[in-house]
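[1] below is the sequence, then the predicted model.
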There are 2 protein chains.
Amino acid sequence: MQLELGKLPKRALIKNILSRIKVSDDVLLPPAFGEDGAVITTKGNIIVVVADPITGATSEAGWLAVHVNANDVAVHAAYPKWFISTLLFPIGTKETDIEQVMDGVIEALSEVRATLIGGHTEITDRVKEIIISGAMIGEPMVDNKYITSGGAKDGDAIVITKGVGIEGTFILARDFKASLLKKLDEKVLNEAMKLRRMISILPDVEYSIKAIGIENIHAMHDVTEGGLLGGLYEMAFASGIGFKIYEDKIPVLKPTKEICSVLRLDPLKLIGSGSLILAVDPEFADDLVSYLMKNKINSAIIGNFTKKYQKEGIIIKRNGKIIRVKDAPMDELWHFFARSEY
Amino acid sequence: MQLELGKLPKRALIKNILSRIKVSDDVLLPPAFGEDGAVITTKGNIIVVVADPITGATSEAGWLAVHVNANDVAVHAAYPKWFISTLLFPIGTKETDIEQVMDGVIEALSEVRATLIGGHTEITDRVKEIIISGAMIGEPMVDNKYITSGGAKDGDAIVITKGVGIEGTFILARDFKASLLKKLDEKVLNEAMKLRRMISILPDVEYSIKAIGIENIHAMHDVTEGGLLGGLYEMAFASGIGFKIYEDKIPVLKPTKEICSVLRLDPLKLIGSGSLILAVDPEFADDLVSYLMKNKINSAIIGNFTKKYQKEGIIIKRNGKIIRVKDAPMDELWHFFARSEY
């Protein structure tokens, strides 16, 4: 059966990969749907390993590759430390193209305080655009402790940081500036571009652990492809429970709201690196939000995980209507690219 | 300046990447030309991290990706332990294509006794063929010790295992079978295909350390793109010295010799995963070769590293002629693909 564009669907992933892997005892968190990293032990010490590619020849590819990998490490309550990159460039690549990618890699590594430790760089006729495959290795923030996507418990409060669709907002503002300017003020687009600075969830994780202690955070996940709903679905699936969230409680930053409204996109399904989802002991949720806000990280309690649902969730809309989420949605950005008007 | 197909040339690599990296103290072996892996410490324990991609839609891509990464770990005197894969498939990929790649990954992981710990699998319009970017993490064979490409010393004996051009031999036998059958016996091609079983240098490294102790092995490198001469050049560059080798001492296995002769290729420059190059204390070189031979790993002393040359080497040909090697050669396989007759 021919497969569709995008991340491998859950069914094919589980059939082709996850069911066929035997893992050794030193792998504490093996590959699983909804888990974006691995946790292993070497001589009793925990390390976190993640790998996520960036495709596409934008000027920010190198910078983005480091940040998405650093975020995947951070959600396991670990500091990103060592980055190893595989850079594949198409034929026609100039030295300045490589410089631009490396500038981005170095900028982002300094932002997350990690180091480039090696890799492989090649010009190849097998790719149409730049492909950056990175792997990031990290060390626990709290000695020998880690957090997964799959630890959410019945009754846990769902806290999210910053706002939904952050990454999608600045991608759209950058790539469709001319079209958007016909309907939006330039100030909105400038604000949208500034969201780029919010992409790292490393501070969100650090402050959260400081605020309520690692033992009261049961699961973490970052919002990526499929937006908030994709992230919540993956957490619910990995945790074997469900979720209930309230539309009116979900923070949507102003530029996200305006751009999504003009382009008729649902911000809840928009690619959103920069926002962290936490499943926390409900007794500590208010403390967490208040501590994050005090440290200038916008955040909100948007609902809770519940065993009332199994590997699915519901959204209570502003008008009281209930919407079910039974699978990871396709990202709004892909839908938008597929439409022809822009 | 537009760059040529293949691994980034030394000049561009050093200008664009190596000169711009600040590494932290926990990186014992930072990125450098001629070094294919990184050695880092986490809480006092050494781990080895490597990343090498495989491009191209052959049935063996998954199997090969694991082995080239495992070999890169092994040359640092480490056991490959954990593999994380990024699989990018082109549009039109079927589930059975993914199954085939995963079969190869799983087969090779079991051969080198490592585990798949995670990764990312995606169908994308940005690639023309399968791209497998793997990263492998390993642990030292001898507690807190490791070996690099750059440790070769003046006077060290150069030992190589098995024979040159092993990987190239079975690639050519597989991909050009019909053409080769016009000039060679089928038996030769079958023998060539069997060289596939020799691809791992993990046993070569294990036996070498057992034979003479890690302290008498000063540098190791595996033969990959650019063949034996590429590997020796990289070791010499990383070690800041030169080398002298004798053509008549270099082991060339029979199928390699016959296929290279028919196709007019130089086996010394043919891609050669499966062969290990060691720089060893000359007092122990005979012991090493004898121990390897006893354990059914063909090997030979082919010359020595010497400070008489700086980052270059010479080959003494059978007829006494001297040939200088002043840069990593382009692989014979790429030359061959560029010729039109096959």
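    Sure, I can see it.
[2] strands along the stretch 151-300 of chain A, start to end?
    A:157-161, A:217-222, A:242-246, A:276-280, A:299-306 (DSSP state E, counting those that start in this stretch).
[3] of those strands, which is nearest A:L116?
    Nearest to A:L116 among these is strand A:217-222; the distance by CB to CB comes to 21.8 Å. Bear in mind the C-beta positions are built from the backbone N, C-alpha and C, glycine included.
[4] partners of the closest one, with directions?
    In the sheet, strand A:217-222 lines up against strand A:276-280 (antiparallel) (DSSP bridges).
[5] okay, angle between the strand it pairs with and strand A:299-306 too, please.
    Per axes from the mean of the first three to the mean of the last three CA atoms, to 10 degrees, the angle that strand A:276-280 makes with strand A:299-306 is 50 degrees.
[6] average pLDDT for strand A:276-280, rounded please.
    Taken as a whole, strand A:276-280 has an average pLDDT of 98.
[7] can you read off the pLDDT for the residue lying farthest from the centre of chain A?
    Residue farthest from the centre of chain A, counting by CA atoms, centre = their mean, is A:G92 at 31.8 Å. We have a pLDDT of 91 for A:G92.
[8] could you save the strands of the stretch 151-300 of chain A as CSV and add columns showing mean neighbour count?
    Output for those, formatted as CSV (neighbours: other CB atoms under 10 Å in any protein chain shown):
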stretch, mean neighbour count
strand A:157-161, 26
strand A:217-222, 25
strand A:242-246, 22
strand A:276-280, 28
strand A:299-306, 22
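[9] the closest residue to A:S275 other than its chain neighbours: neighbour count?
    Counting by CB to CB, 6 or more residues apart in numbering or on different chains, A:S275 lies nearest to A:V223, which is 4.3 Å off, once chain neighbours are set aside. The tally of other residues near A:V223 (other CB atoms under 10 Å in any protein chain shown) stands at 31.
[10] do the same with the one 5 residues further on
    Using other CB under 10 Å as the criterion, A:L228 is surrounded by 29 other residues.
[11] what segments of chain A are helices?
    Secondary structure of chain A (DSSP state H): helices at A:10-16, A:61-74, A:95-112, A:166-175, A:177-181, A:186-194, A:202-212, A:227-239, A:254-263, A:285-294, A:332-338.
[12] and those helices as CSV, adding distance to chain B and mean pLDDT?
    Converted to CSV, the helices of chain A look like this (distance: least, CB to the nearest CB, whole Å; pLDDT from 0 to 100):
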stretch, distance to chain B, mean pLDDT
helix A:10-16, 5, 72
helix A:61-74, 10, 95
helix A:95-112, 5, 92
helix A:166-175, 16, 93
helix A:177-181, 22, 92
helix A:186-194, 24, 96
helix A:202-212, 16, 98
helix A:227-239, 13, 96
helix A:254-263, 22, 96
helix A:285-294, 28, 98
helix A:332-338, 11, 85
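[13] out of those, nearest to A:T55?
    Using CB to CB, these put helix A:61-74 closest to A:T55, at 8.1 Å.
[14] now the closest one against helix A:166-175, angle please.
    Using the same axes, to 10 degrees: helix A:61-74 against helix A:166-175 is 170 degrees.
[15] ok, now which ones touch A:M220?
    A:V75, A:H76, A:A77, A:I147, A:T148, A:S149, A:V205, A:S208, A:L276, A:I277, A:L278, A:A279 (CB atoms under 8 Å, 6 or more residues apart in numbering or on different chains).
[16] much appreciated, bye for now.
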